[in-house]
Each structure stands twice: as C-alpha cells, then as structure tokens.
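Trainee: predicted model follows, preceded by the sequence.
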Amino acid sequence: MATTFTPRVFSGIQPSGGLTLGNYLGAIKRFVDMQADDFETIYCMVDLHAITVWQDPADLQKNTRELCAGFIASGIDPEQSILINQSQVPEHTQLGWIFNTVARMGWLNRMTQFKDKAGKNRENVSVGLFAYPALMAADILLYHATHVPVGEDQKQHLELTRDIAAKFNHDYGVDFFPLTEPVIEGTATRVMSLRDGSKKMSKSDPSDMSRINMTDDADTIAQKIRKARTDPEALPSEAAGLADRAEARNLVNIYAALDGKTVDQVLAEVGGKQFSEFKPMLSELAVEKLSPISGEMARLMEHPDEIDKILARGSERAREIAAPILKRTYEIVGMVGASS
Ligand code: AQP
C-alpha cells in the first residue's frame, strides 16, 4: 500500500534582493492562505540558493532579515508556521548532496531558469547555479512536503523534484519520498516587468523601474505605475480582449490579485477606460494594500535580534522534522553509522 504523508507545505524565497510585488502576489500571499488551511507550513529564506550568484555579505544579511520581516508583515505567524533560514538547517545541504547523485546532468541541462540566468556566460557561472534544482528538491523533500505554493516560473523545478523523488524511490526500492504537488493558483502566478511585458518581474532586474519593491513608498509606487509600459488602446470589457496585450494584461492581473477579484470582474468595472484613468486607480489600490505591509516591515527591521530569534527557534523546530528523515535517507543509501 502506498505511504500516506502528513499534509505539509514547504516553500522558499531567495534573499537575493528586496521582495517584489511578484514574490508577494505569486508566492507570499498564497503562503498566508495555506497557513489557514489544514497544513503544517514551513517557509524558508533560501540563502544558500541566493549565493549561487554573487551576493554582497552585508546585503545578504540585511535581505535575509528583511525577507523574514516581509513574511511576518504579510501575515505569516511564526508560531503557526515554521520560519527558517536555509543555512541554519544543515540537513538541507546534506540531503542536497544525496540528490546531486540522483539527478542526471541531462535533467539539469534542460532547466530554463539555469539557461536564462547563465545566458551566454555558461562557462563562468557557479556550479551551484547548475545544481540549484537538486538543492531545491532537498529543501522540499527533507520535510516530506506534499504541497509547494510557487509562481509559474518554478513549475519546471517542481517537476524535477518529483523526478528526483521517483528515481530515488525506484533505485532504492522504497516508497520513502512523496511526489510533491505544485500549487500554482491565482491571477498573479506570473507578474511581469513593468518595463517589458515579456519578462517576469524580478528582484535582480537591473532596472528598479521594472518592479514594485515591497519597501517602496507611495510616491515611488505611483511613479513606477505611471511610467509602466502600456499600449494606446482603452481597456477591454472581457479577458479575451487582453490576449495580445501583455503589458495591459499584466496591470489588470495585478489589480485583480490585489483586490481579490477575477480579471473579468475587474474588466466589468474598468472596461472602456484609458490607462490615464486606470493607472491612478491601480496606484491607489497598490498603496492601500502594500503600505501597511511595508510599514510593519520597517518596524520589525528596527529589532533585528527579534528576527534572529524567530529564525533560530524556527530552525530548531524544522530540524525536529528534518533530522529523522535525513537519518532514514542515509540508512536507505547504506551509510555506515546512520543507524547509531
Ligand atoms: N514575477 C513573479 N510573479 C509571480 N511569482 C513570482 N515569484 C518570483 N517572481 C515572480 C515567485 O516567488 C517565489 C520566490 O522566488 P525566488 O526568490 O526563489 O526566485 P525567483 O523566482 O528567481 O524570484 P526573483 O524575484 O526573480 O529572484 P531573482 O531575481 O534573484 O532570480 C517563487 O515561488 C517564485 O515563483
């Protein structure tokens, strides 16, 4: 009979810059929703992933704490959920190594995120950037997580996680790791750059005008939305009318996600309006929804020791789940000493 796994959610965000609206709508807002459901929830600042591309050490520390503050300010309760920093739970890298031996070069070679990030510079990027998806599989499977809420861009990595779990189970003749389900839901699973509707909004985009940062003040948010690329047409009254209008669709999706409505509901209200009228409405909504979060983040950042305590406590709780799973993995693989 197939093993039954405890319903458990794991997801992470890299402290590779400041949090963006894309991270918030595509990931954190979903994390908060899943906390309210019948799941154990573990959320991680994946600092070991962040360093697969160069991070200034002082920035990495600040970004890790700010990310934790962003989680809490958005509604993640550190008592109800386990909040951790990846490097404080060494079992992640230990299982990551095992999975480096399970994942195949051909699988990793197909990862579009690696291709995008490496670009023409393949010979010069870190080995860690290439192996990233195997460590991500370890992050998830270390907790036998059954569900992973992510944005659209992580779908391929989640498929790879399932491939790694299946190959491990098959090779060792066990039913030990679950085939984790990705949870990619909502109207903003892929928030696009404000400057280019074909590129996703990203923390590390060189243009700050391409994204809304969760720490941006009201004037900055309004300025970025005012300058966001659009087209000269009025808004349509139905979603089908946005089919070939990437930038327009992006702004409407953002509006819908912030307001908790469907795209059709939003278009029923704003169809026929020009962007000169719609953009101020979007700015007002974004400021209304984001400024309480940025205010709370700033307040939490005044007490970095408290954030560090939350992460230390989270790591202890996480290790209680992770250690027996790693131990059993070592036993299955045949490591001497694993059973003692
Ligand atoms: N634009 C986006 N729209 C929807 N979801 C998004 N996510 C990221 N960008 C968008 C989701 O946020 C979670 C954390 O992502 P990450 O920090 O681990 O890495 P990423 O996807 O590479 O995010 P960034 O912002 O683009 O970081 P950099 O620039 O450092 O690579 C994931 O669930 C992701 O889907």
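Mentor: That came through, no problem. Everything numeric in this text was worked out from a predicted model, so none of it was measured.
Trainee: interface residues of the stretch 201-340 of the chain facing the ligand?
Mentor: 201, 202, 203, 204 (C-beta under 6 Å from any ligand atom). From N, CA and C alone the C-beta is placed, and that goes for glycine too.
Trainee: tabulate these in JSON lines, adding columns for secondary structure, neighbour count and pLDDT.
Mentor: Shown next, in JSON lines, are those (DSSP: H, G, I helix; E, B strand; the rest coil; neighbours: other C-beta atoms under 10 Å; pLDDT from 0 to 100):
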{"residue": "201", "secondary structure": "coil", "neighbour count": "25", "pLDDT": "96"}
{"residue": "202", "secondary structure": "coil", "neighbour count": "20", "pLDDT": "94"}
{"residue": "203", "secondary structure": "coil", "neighbour count": "18", "pLDDT": "91"}
{"residue": "204", "secondary structure": "coil", "neighbour count": "12", "pLDDT": "86"}
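Trainee: ok, residue 73 - contacts?
Mentor: Neighbouring residues of residue 73 by C-beta atoms under 8 Å, 6 or more residues apart in numbering: 292, 293, 294, 295, 296, 297, 300.
Trainee: what's the following helix or strand after whichever strand or helix holds residue 281?
Mentor: Using DSSP states H and E, residue 281 sits within helix 275-301. Sequence-wise, the next helix or strand downstream of helix 275-301 (DSSP H and E) is helix 304-333.
Trainee: measure how that following helix sits relative to helix 275-301, angle-wise.
Mentor: Angle of helix 304-333 versus helix 275-301, following axes from the mean of the first three to the mean of the last three C-alpha atoms, to 10 degrees, is 90 degrees.
Trainee: quick check: buried residues in helix 304-333?
Mentor: 306-308, 310-311, 314-315, 317-319, 321-322, 325-326, 329-330, 332 (16 or more other C-beta atoms under 10 Å).
Trainee: which strands and helices sit next to the lowest-mean-pLDDT helix or strand in the chain?
Mentor: Within the chain, no helix or strand scores below helix 29-36, which has a mean of 91 by mean pLDDT, DSSP states H and E. When contacts are defined as 3 or more C-beta pairs under 8 Å, 6 or more residues apart in numbering; DSSP states H and E, helix 29-36 packs onto strand 8-13, strand 40-45, helix 57-74, strand 147-149.
Trainee: to the ligand, which of the ones you listed lies closest?
Mentor: The ligand lies closest to strand 8-13 among those, at 4.0 Å (C-beta to the nearest ligand atom).
Trainee: no further questions, thank you.
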